[in-house]
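Engineer: Could you look at this predicted model? Sequence included:
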Amino acid sequence: MLKRTIKTFVSRLLNPAQRARPDGPRRYERQEHGIDRRLVSRHAVKVCEVLSQHGYEAYVVGGAVRDLIVGLEPKDFDVATNATPEQIRALFRRARIIGRRFRLVHVVFGQEIIETSTFRADDSGKQTDEHGRILRDNEFGTLQDDAARRDFTLNALYYDPLSETVIDYHNGVADLKERLVRIIGDPETRYREDPVRMLRAVRFAAKLDASIEAKTHEPIKRLSRLIENVPESRLCDETLKLLNCGHAMDCIRRLQDEGLHNKLLPMIEPLQRLPHGEAFLDMALARTDSRVRAGKSVSPSFIYACLLWKLVQKDWLLRCDKGEHPQQALLEAADMVIESQTRVMPIQKRYQSDMREIWFMQPRFERVANRAIWRMTEQPRFRAAVDFLQLRAEAKEVDSVLAQWWMDLANAGDDERSEMIAVRKPAGATAAPRSGQRRNRRRRSNAKRTQQAGGIEA
Ligand code: ATP
Ligand code: MG
């Protein structure tokens with residue numbers, strides 16, 4: 001026992017990161033944490049500088065510190081301070097207090113917003129609902145309190161850009177280096193307080209190629225149903241983060257392993273049951289992930305269009321086989337699938353209309369008359385629809401030469417576009433889904449009727 005105490009004491013003396021009080025934080029200097037200050041947003045540095053000039057403590061905190069330590073580019077920069085929202089606001093020309101549940105300050109520098117929050121009190125003793133979810137949370141605390149209420153050890157790191165030191169109360173640097181997602185405090189209590197933390201555990205594990213530490217992992221499956229208790233707007237935000245983190249494929253697999261996917265992405269299981277559904281999903285997510293990792297944007301509507309497409313296509317095909325006009329059938333299939341999805345989990349209206357635009361352009365790529373092409377290129381979702389066509393070509397749903405022609409057109413300038421259209425062969429017959437070779441007479445006569453009734457024009 002004595003031997004162990006001496007050993008710990010000596011190792012603390014030798015290791016500068018462990019020299020702090022045993023119950024106090026570890027401090028890592030520049031060469032230990034490896035953060036290059038030039039990669040920190042100068043606006044975040046400015047916020048910390050101004051606050052510290054006025055006698056407050058201020059640190060860059062959360063995802064930005066985590067990402068900088070592992071060499072990823074942070075999405076945004078947050079600052080935590082002991083100044084109150086009013087005190088923060090008084091120090092900056094363009095700053096506004098936002099938030100009801102917890103007030104924080106947006107300090108605005110042109111396009112960049114530095115979210116600056118006051119250290120929060122520990123979560124314990126807060127008002128909760130019958131499942132343990134925190135309802136009200138509006139008390140300020142110390143730096144140590146603030147660290148304790150954060151979700152995972154690797155998200156509870158504070159970087160002081162002036163001294164270039166990282167303060168670490170929960171061994172987050174070590175966990176980060178070992179790629180371990182470890183919750184702070186008792187896992188079950190923390191998930192009950194906020195079930196979104198289970199989704200965040202999965203997302204960080206996928207994003208950082210990490211494992212979820214055993215105790216952090218253990219209750220997730222058991223508590224997965226608590227997700228249904230979370231307001232849908234938060235779930236929507238989290239779903240978009242999952243799909244847009246550059247590791248969507250891994251996230252979805254991990255969500256499925258934990259039984260967390262059904263509420264968030266109710267289409268996944270029906271999709272996997274469809275022939276080629278799984279392959280299409282893999283292809284779509286692989287594309288999305290590689291785009292995100294290359295620093296390109298992927299719109300949520302494009303991702304949802306991919307996730308729901310095979311279900312739409314199945315219904316489209318059935319309707320065509322029953323003799324409906326292809327465009328009308330597509331319209332109805334889209335309505336049906338969107339409706340059944342939004343019964344479980346809403347999709348914002350603007351994304352829904354973008355998805356429809358992407359889908360409705362698909363048959364037109366195969367049959368549009370040359371004179372109508374210009375109008376098509378002017379549609380706001382034209383580019384996304386062409387990307388989608390490429391994906392379908394990769395899935396062998398449409399001819400790859402056709403998809404390439406449209407991609408070339410999308411990339412061309414006006415003169416080149418005119419030339420391409422001038423030499424294009426006239427479009428073929430009305431395009432139904434590929435496997436819909438079971439066309440019948442009744443459909444053709446129905447088609448006429450739909451056109452007369454003002455169905456979507458070619
Ligand atoms: P990213 O921005 O890459 O999604 P992030 O960790 O920055 O990751 P944010 O949602 O921006 O995630 O949150 C910022 C910080 O706030 C987190 O790093 C974490 O410390 C804390 N935090 C966020 N959500 C929670 C939560 N549900 N419970 C406890 N702490 C949280
Ligand atoms: Mg963040």
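Structural biologist: Here it is on my side, so go on. Ligands and ions are numbered 1, 2, ... in the order given.
Engineer: count of neighbours near residue 139?
Structural biologist: 13 (other Cβ atoms under 10 Å). (Glycine included, C-beta is placed from N, CA and C.)
Engineer: so who does it touch?
Structural biologist: Going by Cβ atoms under 8 Å, 6 or more residues apart in numbering, residue 139 touches 120-121.
Engineer: how close does it sit to residue 85?
Structural biologist: 13 Å (Cβ to Cβ, to the nearest Å).
Engineer: Could you find the closest non-adjacent residue to whichever residue of the stretch 301-450 of the chain sits closest to ligand 1?
Structural biologist: Among the residues of the stretch 301-450 of the chain, residue 303 lies closest to ligand 1, at 16.3 Å counting by Cβ to the nearest ligand atom. In space, residue 303 comes closest to residue 243 once its chain neighbours are excluded; the distance is 4.9 Å by Cβ to Cβ, 6 or more residues apart in numbering.
Engineer: For the stretch 1-150 of the chain, what lies in contact range of ligand 1?
Structural biologist: Residues of the stretch 1-150 of the chain lying close to ligand 1 (Cβ under 6 Å from any ligand atom) are 62-63, 75, 78, 150.
Engineer: How is the residue nearest to residue 262 when sequence neighbours are not counted assigned, secondary-structure-wise?
Structural biologist: Leaving aside its chain neighbours, residue 262 sits nearest to residue 269 (7.1 Å; criterion: Cβ to Cβ, 6+ apart). Counting by DSSP: H, G, I helix; E, B strand; the rest coil, the backbone at residue 269 sits in helix.
Engineer: For residue 269, grab the count of nearby residues.
Structural biologist: 12.
Engineer: wait, it sits on residue 259?
Structural biologist: No: with contact defined as Cβ atoms under 8 Å, residue 269 does not reach residue 259; the gap is 11.3 Å.
Engineer: The strand or helix carrying residue 373 packs against which elements?
Structural biologist: Using DSSP states H and E, residue 373 falls within helix 373-377. Counting contacts by 3 or more Cβ pairs under 8 Å, 6 or more residues apart in numbering; DSSP states H and E, helix 373-377 packs against helix 400-411, helix 414-422.
Engineer: Output that helix as PDB, nothing but the C-alphas.
Structural biologist: Taking Å, rounded to 0.1, in the frame of the first residue of the first chain, the C-alpha atoms of helix 373-377 are listed here in PDB:
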ATOM      1  CA  ILE A 373     -33.600  20.800 -70.800                       C
ATOM      2  CA  TRP A 374     -32.700  24.400 -70.100                       C
ATOM      3  CA  ARG A 375     -35.700  24.800 -67.900                       C
ATOM      4  CA  MET A 376     -34.600  21.700 -66.000                       C
ATOM      5  CA  THR A 377     -31.100  23.000 -65.500                       C
END
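Engineer: C-terminal to that helix, what's the next element?
Structural biologist: Next along from helix 373-377, by DSSP H and E: helix 382-394.
Engineer: Retrieve the pLDDT associated with residue 134.
Structural biologist: Reading off the confidence values, residue 134 has pLDDT 62.
Engineer: typo on my end, residue 9
Structural biologist: Looking at residue 9, its pLDDT stands at 39.
Engineer: which residues sit in contact with the nearest residue to residue 319 once chain neighbours are set aside?
Structural biologist: Spatial nearest neighbour of residue 319, excluding adjacent residues (Cβ to Cβ, 6+ apart): residue 329 at 3.6 Å. Residue 329 is in contact with 316, 319-320, counting by Cβ under 8 Å, 6+ apart.
Engineer: For the strand or helix carrying residue 238, buried residues please.
Structural biologist: Element membership for residue 238 (DSSP H and E) is helix 232-243. Using 16 or more other Cβ atoms under 10 Å as the test for burial, helix 232-243 gives 235-236, 238-239, 242-243.
Engineer: repeat for stretch 400-414
Structural biologist: Neighbour-count burial for stretch 400-414, counted by 16+ other Cβ under 10 Å, picks out 403, 405-407, 409-410.
Engineer: and that stretch, C-alpha only, in CSV?
Structural biologist: As requested, the backbone C-alpha atoms of stretch 400-414 are provided in CSV (Å, rounded to 0.1, in the frame of the first residue of the first chain):
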residue,chain,number,x,y,z
SER,A,400,-24.1,5.1,-66.8
VAL,A,401,-23.6,6.9,-70.1
LEU,A,402,-26.8,8.7,-69.6
ALA,A,403,-25.8,9.7,-66.1
GLN,A,404,-22.4,10.9,-67.3
TRP,A,405,-24.1,13.0,-70.0
TRP,A,406,-26.1,14.8,-67.4
MET,A,407,-23.1,15.3,-65.1
ASP,A,408,-21.1,16.8,-68.0
LEU,A,409,-24.0,19.0,-68.7
ALA,A,410,-24.2,20.1,-65.1
ASN,A,411,-20.5,20.9,-65.1
ALA,A,412,-20.6,22.7,-68.5
GLY,A,413,-20.8,26.5,-69.2
ASP,A,414,-23.7,27.9,-71.2
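Engineer: and that stretch, how far out from the chain's middle?
Structural biologist: Offset of stretch 400-414 from its chain centre (Cα atoms, centre = their mean, to the nearest Å): 29 Å.
Engineer: coming back round to it: settle this for me: the residue nearest to residue 303 is touching residue 288, isn't it.
Structural biologist: Yes: shown here, residue 243 and residue 288 form a contact pair, counting by Cβ under 8 Å, at 7.1 Å.
Engineer: Can you add secondary structure and neighbour count and give the contacts of residue 329 back as TSV?
Structural biologist: Output for the contacts of residue 329, formatted as TSV (DSSP: H, G, I helix; E, B strand; the rest coil; neighbours: other Cβ atoms under 10 Å):
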residue	secondary structure	neighbour count
316	helix	28
319	helix	23
320	helix	26
